[in-house]
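**Student:** Quick one, fold the following:
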Amino acid sequence: MMEKQGARSTIGTGAPLAEPSPILPNTLPIIDIVATSGWKGVNLSDLWAYRELLYILVWRDLKVRYRQTLFGVIWVMGQPLLTMLMFTLVFNRIARIDAGEIPYTVFVLTGLLPWGFFSASVQSAANSLIGNANLITKVYFPRLLIPSASVTAGLVDFLVAGLVLAGMLAWNRISPSPTLVFLPLVILLAVGLTLGLGLWLAALNVKYRDVRIIIPFVLQVWMYATPVVYPLHLLPDPFRSLAALNPMVGVVEGFRWCLLGGEPPMLALASTLVFALVLVSGGMLFFRRMERTFVDVI
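**Tutor:** Presented below is the predicted three-dimensional model:
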């Protein structure tokens, strides 16, 4: 039952409802979204304002990845374990590659985990803009969050898969080295390298769709150029020095050094640091420059 009572109205109990105050035009915020021009840096305050969206995108990627799967997150731990067993059979039992005092299974697994994170995250970040085309063309938000969410989701998988490595170390009665304290820094290097390369490839993939076809092949060759399945000392001296220019050598060897000890790969880590800084800073600038055309060509 509704009654009119002067300029107010009552509903149900008869309690008066206050009149809505008029909205003045000059009290509404006006936001103009315009395309950038030239080379622009990343707006950090804009990224911080949309930080909750990053969490939502990461959670969505994880849910979509394991939705309607029979074993769910077990695949994250099972995939490196099965790959380790296959590599052990082929390279250790058949090719007779020896890792010295370290069990070959542990040696391979300590290389597979950082490489698996890098490979999967780079491919996911490179295809992230194409996979979110409907979102990009309808809503404004910092596009940088999309490849960043792909790398962050890959990092979550990497940390979960680390439980397999922890179990393998315990099975072989290998105590973590005191250099374990440097592990977060090596992981940070891996994240920076992955994000930087992912930003370049994501922006290029929007304009040149054959990029996503080339990436798996390049990553496959890149893995065998990285000491994942063989020790670095097996390479001849000239090739060993050239291997330090491979940024993933610093990540893989640094990861092993943090867990198993030994001589620190300082040259490889320094090379990785330089590559990570160049790729991240250059990738952000290139991504921002290409961002203005995403909606038109995606």
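
**Student:** Report whether the expected contact of Leu201 with Val122 is present.
**Tutor:** Yes - under the contact definition of CB atoms under 8 Å, Leu201 touches Val122, with a separation of 6.7 Å. All C-beta spots, glycine's among them, are computed from the backbone N, C-alpha and C.

**Student:** So the two - more neighbours on which side?
**Tutor:** Relative neighbour count places Val122 above the other of Leu201 and Val122, with 27 against 24, counting by other CB atoms under 10 Å.

**Student:** helix or strand for the more buried one, which one?
**Tutor:** helix 104-126 (DSSP states H and E).

**Student:** how distant is that helix from the center of its chain?
**Tutor:** With CA atoms, centre = their mean, to the nearest Å as the basis, the distance from the averaged C-alpha position of helix 104-126 to the chain average is 12 Å.

**Student:** So which other helices or strands are in contact with it?
**Tutor:** helix 74-87, helix 145-171, helix 183-207, helix 211-224, helix 247-260 (3 or more CB pairs under 8 Å, 6 or more residues apart in numbering; DSSP states H and E).

**Student:** Adding mean pLDDT and distance to Val295, write these out as JSON lines.
**Tutor:** Listed next are those as JSON lines, based on pLDDT from 0 to 100; distance: least, CB to CB, whole Å:
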{"stretch": "helix 74-87", "mean pLDDT": "86", "distance to Val295": "34"}
{"stretch": "helix 145-171", "mean pLDDT": "93", "distance to Val295": "13"}
{"stretch": "helix 183-207", "mean pLDDT": "95", "distance to Val295": "10"}
{"stretch": "helix 211-224", "mean pLDDT": "93", "distance to Val295": "19"}
{"stretch": "helix 247-260", "mean pLDDT": "95", "distance to Val295": "32"}
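
**Student:** how about these, which one is nearest Gly111?
**Tutor:** Evaluated with CB to CB, the helices and strands packed on helix 104-126 place helix 247-260 nearest to Gly111, the distance being 5.0 Å.

**Student:** mind listing what's buried in that closest one?
**Tutor:** Of the residues in helix 247-260, those buried by neighbour count under the rule 16 or more other CB atoms under 10 Å are 247-260.

**Student:** That helix - contacts with which helices or strands?
**Tutor:** In this structure, helix 247-260 packs against helix 104-126, helix 183-207, helix 266-291, with contacts taken as 3+ CB pairs under 8 Å, 6+ apart.

**Student:** And stretch 218-236, end to end?
**Tutor:** The stretch stretch 218-236 measures 23 Å between its terminal residues, going by CA to CA, to the nearest Å.

**Student:** ok, back up a step: tell me the most buried of the helices and strands packed on helix 247-260?
**Tutor:** Ranked by mean neighbour count under mean count of other CB atoms under 10 Å, the helices and strands packed on helix 247-260 are led by helix 104-126, which reaches a mean of 24.
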